[in-house]
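[1] Next come a sequence and a model predicted from it.
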Amino acid sequence: MHLFKLTDQQLTQMLIPKRFIPPTPPEYQDKNMAYVFDSEDSFNLTYDELVEIISKARQAGPRMASVLGTVN
């Protein structure tokens with residue numbers, strides 16, 4: 001999977017920390033299933049988790065390093 005061919009939504013799914021992904025129900029354990037986040041999901045990030053996300057983005061290249069916060 002080439003990171004530069006992913007949509008913003010697909011890339012976001014990859015960068016979300018693992019602790020936010022709910023456990024797979026027992027009836028789906030043997031199936032190839034993945035949780036997909038959408039605009040109705042929300043969660044709080046710790047500083048370390050935010051650093052992890054930025055680190056992953058920087059490893060993929062300059063296209064993914066976005067500006068966080070406000071610019072004066």
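    Done, it's in.
[2] low-scoring stretches of the chain, by residue?
    Residues of the chain that meet the criterion pLDDT under 70 lie in 1-4, 60-72.
[3] Recalculate using a threshold of 90.
    For the chain, the stretches with pLDDT under 90 are 1-25, 28-30, 32-72.
[4] longest helix of it?
    helix 47-60 (DSSP state H).
[5] Next, the buried residues of that helix.
    Going by neighbour count (16 or more other Cβ atoms under 10 Å), the buried part of helix 47-60 is 49, 53, 57. For the C-beta atoms, the positions are set from N, CA and C on the backbone; glycine is no exception.
[6] Likewise for stretch 5-13?
    11, 13.
[7] Stretch 16-24 too?
    Buried residues in stretch 16-24, counted by 16+ other Cβ under 10 Å: I16.
[8] again, but for stretch 22-40
    Buried, per 16+ other Cβ under 10 Å, within stretch 22-40: nothing.
[9] Need the residues that contact that stretch.
    The contact list for stretch 22-40 (Cβ atoms under 8 Å, 6 or more residues apart in numbering) reads 12-13, 16, 20-21.
[10] please redo it, this time with the cut-off set to 6 Å
    Identification of contacts with stretch 22-40 by Cβ atoms under 6 Å, 6 or more residues apart in numbering yields I21.
[11] Distance across that stretch, terminal residue to terminal residue?
    Chord length of stretch 22-40, first to last residue, is 15 Å (Cα to Cα, to the nearest Å).
[12] Off-centre distance for it?
    15 Å (Cα atoms, centre = their mean, to the nearest Å).
[13] Dump the C-alpha coordinates for the longest helix of the chain into CSV.
    C-alpha atoms of helix 47-60 as CSV (Å, rounded to 0.1, in the frame of the first residue of the first chain):
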residue,chain,number,x,y,z
TYR,A,47,0.3,14.4,24.4
ASP,A,48,2.3,11.2,23.8
GLU,A,49,-0.4,9.9,21.5
LEU,A,50,-0.3,13.1,19.5
VAL,A,51,3.5,12.9,19.2
GLU,A,52,3.1,9.3,18.0
ILE,A,53,0.7,10.4,15.3
ILE,A,54,3.0,13.2,14.2
SER,A,55,6.0,10.9,14.2
LYS,A,56,4.1,8.4,11.9
ALA,A,57,3.1,11.2,9.6
ARG,A,58,6.7,12.6,9.3
GLN,A,59,8.0,9.1,8.5
ALA,A,60,5.7,9.0,5.5
